[in-house]
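# Requesting a structural model of the entry that follows:
(one chain, ligands or ions: 2)
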Amino acid sequence: MTSVVIPQPDDWHVHLRNDEMLDAVVGYTARRFRYAMVMPNLLPPIVSTESAAHYRDQILAAAPNDAPDFSPVMAVYCSPLVDPNDLRAGIEQGVIAAVKYYPAGATTNSELGGTSLNDFAHLFEVLIATGSRLLVHAEATDPSIDIFDREAAFLTDQLAPLCDRFPELAVTVEHVSTRAGVDFVAAHPQAAATITPHHLARERSDLLANGMKPDLYCKPVINSADDRNALVTAATSGNPDFMLGTDSAPHPTTAKYGPTAKAGVFNAAYGLEVVADVFSVAGALDNLGAFVSGNGCAIYGVDTPETTITLTSESVDVEVATSLATTSGDEVVLFGAEEATRWTVT
Ligand code: NCD
Ligand code: ZN
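Ligands and ions are numbered 1, 2, ... in the order given. You can find the predicted model right below:
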């Protein structure tokens, strides 16, 4: 038996959706995580202090009562709809914590995103003045660029020049998925990155080699074994620039299993088990607490938790749920059921 006690984790990148889907998924995040950076890619998107506050209220109303430490942290959608004065007010009031940039067309509900980071200097100036962060979905959308090279292309063509132009702008490379992304963070002191459970634990052969797996399809796509190795090293080494962001992104099976699968992996249920498994295999359980808690607390300047959780690996296999159902009858597949048969969280 292996057992590790760690501070209560935070999730620095999560999609909680709204309506029935919010009701169905929020408990998974709320019962395990303390802070959760909630992504704004709803329809309509979260673009103002008012809409962020309203969405936060909806999330807290939907959250279960037995999750008293859960605290959603709100990001607004980088778009021409964001007013810099409202952004500044929202940050100063503690309603808005960050701005999330989506390249238009890169992922789910990104149509209102940008075509160039350069168009949003007026918002980045507010982030610098208030000490807030720019969260970046780093993925080129040029169809002539190979899908597995799009993170590297975006970092070189867009984020590197932005970092040169605004050296005081703190940026998070969200769901970093490549060795190029890890190297980018190492080369830019103003940059940190979130890493997901699925990018740590799977590689593109898992996605494609034995029948295409829509449940592993997400953006940025899970990349090569070499890329995964770079992510595992970054996460397990204790490097303070890397933190857990699950990118848990539920889609109903009706949207996953068809001619075109929606991008997103729902891992809020078993993401911690998956990450513990990766750290255990790497012989790095001593650094698990830094990755899922300490590093993010330092990066976002929040207090460290007083509560802990215990992850235990036992040789006895247990039955675990493999999907959830919403009240409207949608089914969502839970990522990491295999790891969840090996680990328990208490
Ligand atoms: C996310 C979603 O479904 O909202 N999908 C995904 O594949 N990660 C959007 C995102 O973060 O790219
Ligand atoms: Zn996401």
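# Am I right that A235 is in contact with V278?
Yes. Counting by Cβ atoms under 8 Å, A235 touches V278, with 7.3 Å between them. (Each C-beta comes from the backbone N, C-alpha and C, glycine too.)
# give me every residue that touches the residue nearest to A104 when sequence neighbours are not counted.
Leaving aside its chain neighbours, A104 sits nearest to G113 (4.2 Å; criterion: Cβ to Cβ, 6 or more residues apart in numbering). Applying Cβ atoms under 8 Å, 6 or more residues apart in numbering to G113 gives the contacts 77-79, 101-106, 137.
# Quick check: phi and psi on G113?
The phi/psi pair for G113 (degrees, to the nearest 10) reads phi -80, psi -170.
# Quick check: it vs L135, distance?
The gap separating G113 from L135 is 12 Å, by Cβ to Cβ, to the nearest Å.
# Show me the common contact partners of those two, please.
Taking Cβ under 8 Å, 6+ apart as the criterion, G113 and L135 both touch Y101.
# what's around V333, how many residues?
Per other Cβ atoms under 10 Å, the neighbour tally for V333 reads 19.
# tell me the contacts of it?
Contacts of V333 by Cβ under 8 Å, 6+ apart are 215, 253, 256, 266, 322-323.
# wait, which of those is closest to ligand 1?
F266 (9.2 Å; Cβ to the nearest ligand atom).
# Nearest residue to that closest one in space, please, no chain neighbours.
Counting by Cβ to Cβ, 6+ apart, the residue nearest F266 is P250, at 4.1 Å.
# correct me, but the one you found touches V25?
Yes. Checked against Cβ under 8 Å, the pair P250 and V25 is within contact range at 5.2 Å.
# can you list residues touching both of these two?
Counting by Cβ under 8 Å, 6+ apart, the contacts common to P250 and V25 are 17, 266, 268, 332.
# tell me which element S177 is part of?
In the assignment (DSSP states H and E), S177 maps to no helix and no strand.
# Quick one: residues contacting it.
Residues near S177 by Cβ under 8 Å, 6+ apart: 151, 199, 220-223, 227, 231.
# So what does it have for phi and psi?
Phi and psi for S177, reported as degrees, to the nearest 10, are phi -130, psi 0.
# now swap in the one 4 residues further on and tell me
Here the main-chain torsion angles of G181 (degrees, to the nearest 10) amount to phi -70, psi -40.
# since we're on it, how many residues are nearby?
29.
# Name the surrounding residues that touch stretch 290-305.
By Cβ under 8 Å, 6+ apart, stretch 290-305 touches 6-10, 12, 34-35, 69, 73, 97, 131, 133, 172, 192, 195, 235-236, 238-244, 272, 275, 279.
# count of neighbours near S3?
Neighbourhood size, S3 [other Cβ under 10 Å]: 12.
# tell me the secondary structure for it?
Three-state assignment for S3 (DSSP: H, G, I helix; E, B strand; the rest coil): strand.
# List the residues that contact it.
Neighbours of S3 in contact, by Cβ under 8 Å, 6+ apart: 310-313.
# could you redo the last one with a cut-off of 10 Å?
285, 310-314, 344, 346 (Cβ atoms under 10 Å, 6 or more residues apart in numbering).
# So what sits opposite it in the bridge?
Using DSSP bridges, the bridge partners assigned to S3 are T312.
# Please list the residues of this structure that sit near ligand 1.
By Cβ under 6 Å from any ligand atom, the part of the chain that sits against ligand 1 consists of 15, 41, 107-108, 137, 218-219, 247, 249, 263-264.
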